[in-house]
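Predicted structure and sequence below. I'll ask about it afterward.
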Amino acid sequence: TTSSAEEVELQHQGLVMLQTLTVFHPTFVAHRPALALLLRLLWRAPGRIQRLEDEESLKPQHQDESRLLVRCLVAYCRESRDVGVLFDLLSIFLVTSLVDYSFLKDFYREEVALKWEPACKRQIVAHFLRLLRETAAPGTTASKAAATPTAMEGVTATAPTTAAATATPADGATTAPP
């Protein structure tokens, strides 16, 4: 068996290759739903989040793990218009990082806000309202509304169930598909 450090190194090298592929073939991830699902699992993996929080203690070449994932997922979003991924990526701004994520802000500001179709923007608003409703305090009007089914439910597309759903990233996370 390989050590955890070797697994992280292999995962990093895979992300470097994938990010390079997305530069030259922007639709690469979008045309491979199992790969997109695996990237989302890696994004949500507790090990990646822990490495991001402990970024200063990592080797310099491993400090960009989250940046590589963001770049791959942005390429995926450009093609798939996956609203759930847009919201997942926002979490990068909750952690102080050595890496500059201004390219992600630019993506939201210049592409999503200005160039995406109105139907996609409606999905973004609907997803935001659903998240807001789900996090509302018990007993509030918003939480009572959450108990009532609405036409907005199920607006975002879900990734198909594939073998990647059972894949285990290098940090051992076994998260269910989104």
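Received the coordinates, thanks. Numbers count the residues shown, from 1 in each chain.

Any chance you could list what contacts the longest helix along the chain?
Under DSSP state H, the helix in the chain containing the largest number of residues is helix 4-24. If you take C-beta atoms under 8 Å, 6 or more residues apart in numbering as the criterion, helix 4-24 is touched by 2, 28-29, 35, 39, 42, 47, 51, 61-62, 65, 68-69, 71-72, 75-76, 169-171. C-betas here are computed from N, CA, C, even on glycine.

So which bits of it are buried?
By 16 or more other C-beta atoms under 10 Å, the buried positions in helix 4-24 come out as 7-9, 11-12, 15, 18-19, 22.

Stretch 55-64 too?
Counting neighbours by 16+ other C-beta under 10 Å, stretch 55-64 gives 55, 58, 63-64 as buried.

now swap in stretch 88-103 and tell me
88-89, 92, 97, 101.

if we can go back for a sec, which other helices and strands does the very next helix or strand once past the longest helix of the chain contact?
Using DSSP states H and E, the helix or strand that follows helix 4-24 towards the C-terminus is helix 33-44. Applying 3 or more C-beta pairs under 8 Å, 6 or more residues apart in numbering; DSSP states H and E, one finds that helix 33-44 makes contact with helix 4-24, helix 65-80, helix 83-89.

Could you tell me the least trusted of those?
Ranked on mean pLDDT, the bottom entry among these is helix 4-24, at a mean of 91.

sorry, back to before: and which of the buried residues of stretch 88-103 is nearest to Cys120?
Leu89 (15.2 Å; C-beta to C-beta).
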